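Colleague: sequence first, then the predicted structure:
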Amino acid sequence: MRKILPSYFFDKKNIIQLLLFVTFFVLLFIVIFKPFNSNTWIKGMSKDKFVIYSILMVTIGLGVLTVSRIVMFLLRNKIKVFYWNYLIWLFGEIIFISLFCTLFAWLIHPRQVDFFAIFPYTFAYSSSILLLPYIISWLYFELKDKKRALESEKSLRLQNGDKTSAPNTDLINFTDEKGVLKLSVSIDNLFYIAAADNYVNVCYINKEKVGSFILRNSLKNIEETYTNANLVRCHRSYIVNRTKVKVMRRDKDGLYIELDSKSIPDIPISKTYAKQVIDLFTESSIE
């Protein structure tokens, strides 16, 4: 439960698919099966009225879910979301959907419906109906992500010749927070790694051009995983490849590193890491 929620929950395409799937699943389920005899909740309700009311209720639920997922998408890079946070979020969605649906029923039939009397039923109704599409969509996104990860790993193996008999010790393998291999780069082609909220941006030479690859992980994890002497932490947001450093200079704004590419901006050296970086490059020059 303390694990960080996978990035596919915040993918825009997956959010849209979730909203559409939940909406149509719930609507069909209500109209076809009429769970908890919901067509008898309001006295004298005809079949046509029940269908119309169901569509309106589902539309209200879709509106709440849409707002909720937009907020979640906007907060994806500002806060860390764990599994237990997400479960609380889902619980909150169900509460708000139940409140608005109960309010709708009360406004339509104020004399036949008591708000506080019907709310517990609406909450139980919403919880039981939403549980199944939530679980199905969760499993679907998990399987889709694993399939994509396997295809990516297979592609990387093909690109690198799948040299299992004689592994390249200069090859840096980048994995996401779940340990799934996302990118393999030769140390000779790696420029730097930059932190970007809950992601890292790997800058490297790709087909003789400077390219980048974003994956969900932290700079701290990468620093602890790769103790290669050529990878140097120079800033809380940067790790540089020492072999690609051409100039280290000091100006009025502080210390900066210039890498072996004109298209890459200068990398700052923070005061926290300044001494160890200077000492490291001093030792290299003496050697």
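Modeller: That came through fine.

Colleague: do I have it right that residue 239 meets residue 191?
Modeller: No - counting by Cβ atoms under 8 Å, residue 239 does not reach residue 191; the two are 10.2 Å apart. Using the backbone N, CA and C atoms, a C-beta is placed for each residue, glycine as well.

Colleague: next, the buried residues of stretch 213-226.
Modeller: Within stretch 213-226, the residues scored as buried using 16 or more other Cβ atoms under 10 Å are 215-219, 222.

Colleague: in strands, which of the residues you listed appear?
Modeller: Members of the buried residues of stretch 213-226 lying in strands (criterion: DSSP state E): 215-216.

Colleague: surely residue 29 touches residue 131?
Modeller: No - the pair residue 29 and residue 131 fails to qualify as a contact (Cβ under 8 Å) at a distance of 11.2 Å.

Colleague: so the two - more neighbours on which side?
Modeller: Neighbours were counted for residue 29 and for residue 131 using other Cβ atoms under 10 Å; residue 29 has more, 18 against 12.

Colleague: specify the local secondary structure of that one.
Modeller: Here residue 29 is helix, with the state taken from DSSP: H, G, I helix; E, B strand; the rest coil.

Colleague: check residue 233 too.
Modeller: Per three-state DSSP, residue 233 ends up strand.

Colleague: neighbours around it, how many?
Modeller: So residue 233, with other Cβ under 10 Å, has 20 neighbours.

Colleague: same question, the one 10 residues further on
Modeller: The criterion is other Cβ under 10 Å. On that basis, residue 243 has 14 neighbouring residues.

Colleague: could you do residue 120 as well?
Modeller: Neighbours around residue 120, by other Cβ under 10 Å: 11.

Colleague: which strand or helix spans it?
Modeller: helix 115-159 (DSSP states H and E).

Colleague: name the helices or strands packed onto that helix?
Modeller: Contact partners of helix 115-159 among helices and strands, from 3 or more Cβ pairs under 8 Å, 6 or more residues apart in numbering; DSSP states H and E: helix 12-33, helix 83-108, strand 181-186.

Colleague: got the angle between that helix and helix 83-108?
Modeller: Angle, helix 115-159 to helix 83-108, by axes from the mean of the first three to the mean of the last three Cα atoms, to 10 degrees: 140 degrees.

Colleague: pLDDT of helix 115-159, averaged?
Modeller: When pLDDT is averaged along helix 115-159, the result is 85.

Colleague: who touches the helix or strand following it?
Modeller: Per DSSP H and E, the first helix or strand lying C-terminal to helix 115-159 is strand 171-175. Strand 171-175 has contacts (Cβ atoms under 8 Å, 6 or more residues apart in numbering) with 160, 181-187, 190, 200, 202, 213, 215, 217, 222, 226, 228, 231.

Colleague: quick one: buried ones out of the residues you listed?
Modeller: Buried subset of the contacts of strand 171-175 (neighbour count, 16+ other Cβ under 10 Å): 160, 181-185, 187, 190, 200, 202, 215, 217, 222, 231.

Colleague: mind putting the residues you listed into JSON lines with distance to residue 38?
Modeller: Output for those, formatted as JSON lines (distance: Cβ to Cβ, whole Å):
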{"residue": "160", "distance to residue 38": "57"}
{"residue": "181", "distance to residue 38": "48"}
{"residue": "182", "distance to residue 38": "46"}
{"residue": "183", "distance to residue 38": "51"}
{"residue": "184", "distance to residue 38": "55"}
{"residue": "185", "distance to residue 38": "57"}
{"residue": "187", "distance to residue 38": "63"}
{"residue": "190", "distance to residue 38": "60"}
{"residue": "200", "distance to residue 38": "49"}
{"residue": "202", "distance to residue 38": "52"}
{"residue": "215", "distance to residue 38": "46"}
{"residue": "217", "distance to residue 38": "46"}
{"residue": "222", "distance to residue 38": "52"}
{"residue": "231", "distance to residue 38": "61"}
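
Colleague: what helix or strand is the residue nearest to residue 231 when sequence neighbours are not counted on?
Modeller: Nearest residue to residue 231, sequence neighbours excluded (Cβ to Cβ, 6 or more residues apart in numbering): residue 239, at 5.5 Å. Per DSSP H and E, residue 239 falls inside strand 238-241.

Colleague: give the buried residues for the host helix or strand of residue 71.
Modeller: Here residue 71 sits within helix 47-74, counting by DSSP H and E. Using 16+ other Cβ under 10 Å as the test for burial, helix 47-74 gives 50, 53-54, 57-58, 60-62, 64-65, 68-69, 72.

Colleague: ok, residue 11 - how many residues close by?
Modeller: 17.
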